[in-house]
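J.: What would the 3D arrangement of this be:
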Amino acid sequence: MPGGRLTPQERQQITLGLAEGLAYAEIARRLGRPTSTVTREIMRNGGATAYRGDLAQHATERRARARRTSAVRLPGAPPQPHGRDADAVREYEALFAAVFMQSGLPVMTARTLTALYTTDTGSLTAAELAGRLKISPASVSKAIAFLEGQGLVRRERDDRRRERYVVDDDVLYQSTMASARSTAYLGEIARQGAEVLGPGTPAADRLENIARFVDVVSDSIARAADQARDLLHGRLEG
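T.: From the prediction side, this is the model:
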């Protein structure tokens, strides 16, 4: 049943497929499921390196129980903004955070960044983050410090002098440019190594090739970021 819920047996097959190093599309083909279904399942439950079928099954059952309990206990709960489905939002946030975790972010940091990206204001205070994620202020502070270090959020004060953490187009642009500079620096170090090891030697040639590769990549990242920012702000001519 391509449209039905994944069964425990299918989740175990996903576990085995990942252990074999199969692509998501191949796992989905073997299950007779859409690739998007398999991708969501894996990313929602820890990503390719941490996915386990039995844990994913328990997590799915736990989420289902939580939804039923919420429906019973909170029949008069206020609706989500813009008529959003609360369960769908929660599931999407879990998926979004899993993508960040797959890229290397710690769990709380990934959840914090997801909360900022999925709020309509694009900014939250420490207290709002702690309440929304049900985590301690210390956990918020640690996550924000990490994100600031990566250039993924910035701080500003609102009209009540409260410190707010912000994500917007400019933050994303600055973070991308910082990544380009970091990549370019790797090229500089590689070239220094080529000089130290002696031009024309196999090791020096290898480092020089790394430098050339990195030059192209960092320049492409910077130009793409500039172009994307111009496109977002309508500065490109048609």
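J.: Below-threshold pLDDT in the protein: ranges please.
T.: 1-3, 66-79, 235-238 (pLDDT under 70).
J.: can you confirm Thr39 is in a strand?
T.: No. Looking at Thr39 with DSSP: H, G, I helix; E, B strand; the rest coil, it is helix, so not inside a strand.
J.: Run a quick neighbour tally on it.
T.: 17 (other Cβ atoms under 10 Å). C-betas here are computed from N, CA, C, even on glycine.
J.: Next, the contact list for it, please.
T.: Going by Cβ atoms under 8 Å, 6 or more residues apart in numbering, Thr39 touches Tyr24.
J.: 10 Å instead?
T.: Tyr24, Ala25, Ile27, Ala28, Ala48, Leu95, Val99 (Cβ atoms under 10 Å, 6 or more residues apart in numbering).
J.: buried subset of the residues you listed?
T.: Tyr24, Ile27, Ala28, Leu95 (16 or more other Cβ atoms under 10 Å).
J.: what comes up buried for stretch 29-36?
T.: Under 16+ other Cβ under 10 Å, the buried positions of stretch 29-36 are Leu31, Arg33.
J.: what does that stretch rub up against?
T.: By Cβ under 10 Å, 6+ apart, stretch 29-36 touches 1-4, 6-7, 9-11, 13-14, 16-17, 22-28, 37-38, 40-41.
J.: again, but for stretch 146-155
T.: By Cβ under 10 Å, 6+ apart, stretch 146-155 touches 100, 105-106, 108-110, 112-113, 116-117, 123-124, 143-145, 163-168, 170-179, 182.
J.: I'd like to know how many residues surround Glu91.
T.: 15.
J.: and Phe213, how many neighbours?
T.: Neighbours of Phe213 using other Cβ under 10 Å come to 14.
J.: List the residues that contact the residue nearest to Arg52 when sequence neighbours are not counted.
T.: Distances taken as Cβ to Cβ, 6 or more residues apart in numbering put Thr15 closest to Arg52, at 5.9 Å, once the chain neighbours are dropped. Contact analysis of Thr15 by Cβ under 10 Å, 6+ apart lists Ile27, Ile42, Tyr51, Arg52, Gly53, Asp54, Leu55, Ala56.
J.: if we can go back for a sec, just the buried subset of the contacts of stretch 146-155, written out for ChimeraX, thanks.
T.: Selection of the buried residues among the contacts of stretch 146-155 in ChimeraX, burial being defined by 16+ other Cβ under 10 Å:
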select :100,105,108,109,110,112,113,116,117,123,124,143,144,164,165,167,171,172,173,175,176,177,179
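J.: Looking at the contacts of stretch 146-155, which are in strands?
T.: Judged by DSSP state E, the contacts of stretch 146-155 include Ser123, Leu124, Glu163, Arg164, Tyr165, Val166 as members of strands.
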